[in-house]
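Undergrad: No letters, just coordinates:
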């Protein structure tokens, strides 16, 4: 069942829709052929019972319905020719040639031109080999019909007209084969150029990332130089304050105080000093002067200690402010997630179509998120390239299905990428985000970058195996309220 969002999906065509449209164009040729057959029967140019005609036509359209279902369900993607063009045309021509056998020569030429009409829409999808093989098959089958008529019913063959009709039909068929092969070669070249462009785009994003990282490192070097300069100035002040404090401590006038305390500690000396009024006055004056000096030194040292702690706080403030600048979010931009994702995949839709991938969208989050645009773009591109590489490694019988969905849960939005594939072991899943893990093609650095980039945007990415084979990648990002988004605008 195909899931689609009318707002997003209608602008991006799925590969199967192109194939189905070409099938309906081919059906116009079949309807015209049926009209010609009915006209020939009414005009008595066709010598075949009605019921036989009805059985042949009904059998042909039953087969067309089967082909249609195979394309619509994606089953045809298991084959080299996902549109089943060769099978459809070959089967239809094989059924209609017996009807041509029973026609008179007046109608055979017109019927051949009608039969060539589906080839006009079919050959654009076929290679040179397929186109020329189909033209050869149709031509040989028609020549067999004419040769059989010549042997069994020579009266119904006008040789000159049959030669002209056969020459026109064969020439037109081979011209269509060459034209279709050339068109297919151009599409193949375009597909390769698209792949080259995709890889070049990825390399450009990687180079852009390296430029940003280099600029960031250069900026951090400037910041580090600025921090060292400011810290150096602060440490000079700390050093000066430390020397002043040390000198102040060394020059404290405590020796007189020690001597006085020593004299006063001796009781006999203390009594003698107290009896001598002159010496007592001298001691009192000395203590007063000493106390004043110590008080001044205390004030001076207190100021220096305060300055010392102030410079230490300055150093701490410098380091803290630079840490905030270093770990602050970088270049965040508010985007509408669904529109951004649709635009990214729309740019690569031709490459996806040419890879025979059944591509489906269901984007319904309608949410705004804050991301680093170039990094988020690189994450999406890495996931797409990794998916296409994984599809190239799949066996032909496994369908190549890619589904992109989004939804919102409370304050978070989830972007989910589901892709078909082989069953994954429990040991393989954790290695996908390892730094040295790369795809088998060697074209990617793995998903390690994706995990780091999403975490820088305050989100996370997880990968889980799908039942029956394949992987699902879930990216979670915090949403931005519309009111906050409006203020940011």
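TA: Everything's here; your move. This structure is a prediction, so every number in the text was calculated from the model and none was measured.
Undergrad: helix/strand/coil for residue 365?
TA: Three-state call for residue 365 (DSSP: H, G, I helix; E, B strand; the rest coil): coil.
Undergrad: So what's the residue count around residue 349?
TA: 16 (other CB atoms under 10 Å). Yep, even glycine has a C-beta here, placed from its N, CA and C like the rest.
Undergrad: Distance-wise, check it relative to residue 388.
TA: Distance of residue 349 to residue 388, given as CB to CB, to the nearest Å: 12 Å.
Undergrad: Repeat that for residue 187.
TA: 17 Å.
Undergrad: go on, residue 156?
TA: 56 Å.
Undergrad: distance of residue 422 from residue 465?
TA: With CB to CB as the criterion, residue 422 and residue 465 are 10 Å apart.
Undergrad: which of the two has more neighbours?
TA: Neighbour comparison, residue 422 and residue 465: the larger count goes to residue 465, with 17 against 13 (by other CB under 10 Å).
Undergrad: quick revisit: between residue 156 and residue 388, which has more neighbouring residues?
TA: Taking neighbours as other CB under 10 Å, residue 156 and residue 388 compare with residue 388 leading, 21 against 16.
Undergrad: So that one sits against residue 357, correct?
TA: Yes. Counting by CB atoms under 8 Å, residue 357 is a contact partner of residue 388 at 7.5 Å.
Undergrad: residue contacts, residue 352?
TA: Counting by CB atoms under 8 Å, 6 or more residues apart in numbering, residue 352 touches 15, 345, 359, 384, 388, 402.
Undergrad: What is the burial count for the fourth one?
TA: Read it as residue 384. 21.
Undergrad: can you check the third one too?
TA: Here the neighbour count serves as a burial measure; for residue 359 (other CB under 10 Å) it reads 22.
Undergrad: Find the helix or strand that it is a member of.
TA: strand 358-363 (DSSP states H and E).
Undergrad: after that strand comes which helix or strand?
TA: strand 368-371.
Undergrad: Mind checking which of the contacts of residue 352 are in strands?
TA: 359, 402 (DSSP state E).
Undergrad: Lowest pLDDT pick from the contacts of residue 352?
TA: Within the set of the contacts of residue 352, pLDDT is lowest for residue 15 (51).
Undergrad: per-domain residue ranges of this structure.
TA: 6-202, 213-326, 333-488 (automatic domain parsing).
Undergrad: Between these, which has the poorest mean confidence score?
TA: Lowest mean pLDDT within the domains of the chain: domain 213-326, a mean of 67.
Undergrad: Can you give the strand pairings for the helix or strand in which residue 418 is found, parallel or anti for each?
TA: Element membership of residue 418 [criterion: DSSP H and E] is strand 412-419. Its sheet considered, strand 412-419 pairs with strand 401-409 (antiparallel), strand 471-480 (antiparallel) by DSSP bridges.
Undergrad: re the thing from before, determine which two of the contacts of residue 352 are furthest apart.
TA: 15 and 384 (14.8 Å; CB to CB).
Undergrad: can you give me the end-to-end distance of stretch 358-367?
TA: 26 Å (CA to CA, to the nearest Å).
Undergrad: So which bits of it are buried?
TA: By neighbour count on 16 or more other CB atoms under 10 Å, the buried set for stretch 358-367 is 358-363, 365-367.
Undergrad: from memory residue 59 sits against residue 95, does it?
TA: Yes. Residue 59 is within contact range of residue 95, at 6.6 Å (criterion: CB under 8 Å).
Undergrad: neighbour-wise, which of the two wins?
TA: The neighbour comparison of residue 59 against residue 95 (other CB under 10 Å) goes to residue 95, with 16 against 12.
Undergrad: Quick one: the helices in the stretch 1-150 of the chain, in order.
TA: 6-9, 15-42, 50-72, 85-101, 105-122, 128-152 (DSSP state H, counting those that start in this stretch).
Undergrad: contacts for the strand holding residue 418?
TA: Contacts for strand 412-419 (CB under 8 Å, 6+ apart): 337, 341, 365, 367, 369, 383, 387, 390-391, 401-408, 466, 470-479.
Undergrad: same check, this time on stretch 38-55
TA: Against stretch 38-55 from outside (CB under 8 Å, 6+ apart): 37, 99, 102-104, 106-107, 111.
Undergrad: let's see 10 Å
TA: Among residues not part of stretch 38-55, those counted as contacts by CB atoms under 10 Å, 6 or more residues apart in numbering are 34, 36-37, 56-57, 95, 98-108, 110-111, 153, 156.
Undergrad: Quick one, which of those residues are buried?
TA: 34, 36-37, 56-57, 95, 99-103, 105, 107-108, 111, 156.
Undergrad: burial of residue 315, as a residue count?
TA: So residue 315, with other CB under 10 Å, has 18 neighbours.
Undergrad: is it fair to say it lies in a strand?
TA: No. Counting by three-state DSSP, one finds residue 315 to be helix, located in no strand.
Undergrad: Tell me which residues touch the nearest residue in space to residue 406 that is not next to it in sequence, please.
TA: Leaving aside its sequence neighbours, residue 406 sits nearest to residue 365 (CB to CB, 6 or more residues apart in numbering; 4.1 Å). Neighbour list for residue 365: 5, 336-338, 341, 405-409, 412-415, 477, 479 [criterion: CB under 10 Å, 6+ apart].
Undergrad: nearest to residue 301, of the residues you listed?
TA: residue 477 (57.2 Å).
Undergrad: and the residue lying closest to the closest one once chain neighbours are set aside, what does it touch?
TA: Leaving out its chain neighbours, the residue that sits closest to residue 477 by CB to CB, 6+ apart is residue 459, at 4.1 Å. Residues near residue 459 by CB under 10 Å, 6+ apart: 369-371, 376, 412-415, 451, 453, 475-478.
Undergrad: Now render those as a markdown table, adding distance to residue 149.
TA: What follows is the contacts of residue 459, written out as a markdown table (distance: CB to CB, whole Å):
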| residue | distance to residue 149 |
| --- | --- |
| 369 | 72 |
| 370 | 76 |
| 371 | 72 |
| 376 | 69 |
| 412 | 74 |
| 413 | 70 |
| 414 | 67 |
| 415 | 65 |
| 451 | 71 |
| 453 | 71 |
| 475 | 67 |
| 476 | 72 |
| 477 | 72 |
| 478 | 77 |
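Undergrad: how near is residue 84 to residue 399?
TA: 14 Å.
Undergrad: same check, this time on residue 302
TA: For residue 302 relative to residue 399 (CB to CB), the value is 83 Å.
Undergrad: which one of these two has more residues nearby?
TA: Each of residue 302 and residue 399 has its neighbours counted (other CB under 10 Å); residue 399 has more, 19 against 10.
Undergrad: Confirm that the more buried one sits in a strand.
TA: No. Judged by three-state DSSP, residue 399 forms no part of a strand; its state is coil.
Undergrad: how near is it to residue 101?
TA: Taking CB to CB, one finds residue 399 at 40 Å from residue 101.
Undergrad: Kindly report the same for residue 360.
TA: On the measure of CB to CB, residue 360 and residue 101 end up 46 Å apart.
Undergrad: can you check residue 467 too?
TA: 53 Å.
Undergrad: Over to residue 163?
TA: 17 Å.
Undergrad: Residue 178 and residue 127 touch, don't they?
TA: No. Counting by CB atoms under 10 Å, residue 178 does not reach residue 127; the two are 11.5 Å apart.
Undergrad: higher neighbour count, these two?
TA: Per other CB under 10 Å, whichever of residue 178 and residue 127 has more neighbours is residue 127, with 19 against 14.
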